[in-house]
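In: Below is the sequence, then the predicted model.
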Amino acid sequence: MNAIRAEHDEVSASVLVGDLNIAPLEHDVWSHKQLLNVVSHTPVETENFEAMRLAGNWIDLMRLNVPHEQKLYTWWSYRAQDWEASNRGRRLDHVWSSQNLVPSFSGYEILRLARGWERPSDHVPVIARFDLD
């Protein structure tokens, strides 16, 4: 496997962010069981995604201090009549970093309210914060 590496040294670091369209963990989707055969959460996708992350030595910053049992979403389908009430989301957007950025990582915010804006995207913005000296 050709992995994208989280390159870093004493004066540099790496950050990988984006809509990677895979919800890797059981609680990154509204129903693990119902979505096992749905694109973005199939076993072949989630297993290869995690293998790629580990091979590249990336840290999943969004899950760093959030238990794997806690639901975490960045996307809600346009098909839902009331996306907020049904809350059938997925975490398709990710923030990863090299290990040396972890001590500077001060948290993130998922702008869930943006999903309710007029003519919104089905993805919401994610803000990652770092305390850099």
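Out: Everything's here; your move. Remember, predicted model here, so these are calculated numbers, not experimental data.
In: And the spatially most central residue of the chain, how far from V11?
Out: Nearest to the mean C-alpha position of the chain, by Cα atoms, centre = their mean, lies H94 at 3.0 Å. With distances taken as Cβ to Cβ, to the nearest Å, H94 is found 25 Å from V11. All C-beta spots, glycine's among them, are computed from the backbone N, C-alpha and C.
In: now the longest helix out of those in the chain, how far from the chain's geometric center?
Out: In terms of residue count, the longest helix belonging to the chain (DSSP state H) is helix 43-55. Put simply, helix 43-55 sits 13 Å off its chain's centre (Cα atoms, centre = their mean, to the nearest Å).
In: buried residues in it?
Out: Buried residues in helix 43-55, counted by 16 or more other Cβ atoms under 10 Å: 45-46, 49, 52-53.
In: Stretch 61-79 now?
Out: Buried residues in stretch 61-79 (16+ other Cβ under 10 Å): 61-63, 72-76.
In: got the end-to-end distance for that stretch?
Out: With Cα to Cα, to the nearest Å as the measure, the ends of stretch 61-79 fall 29 Å from one another.
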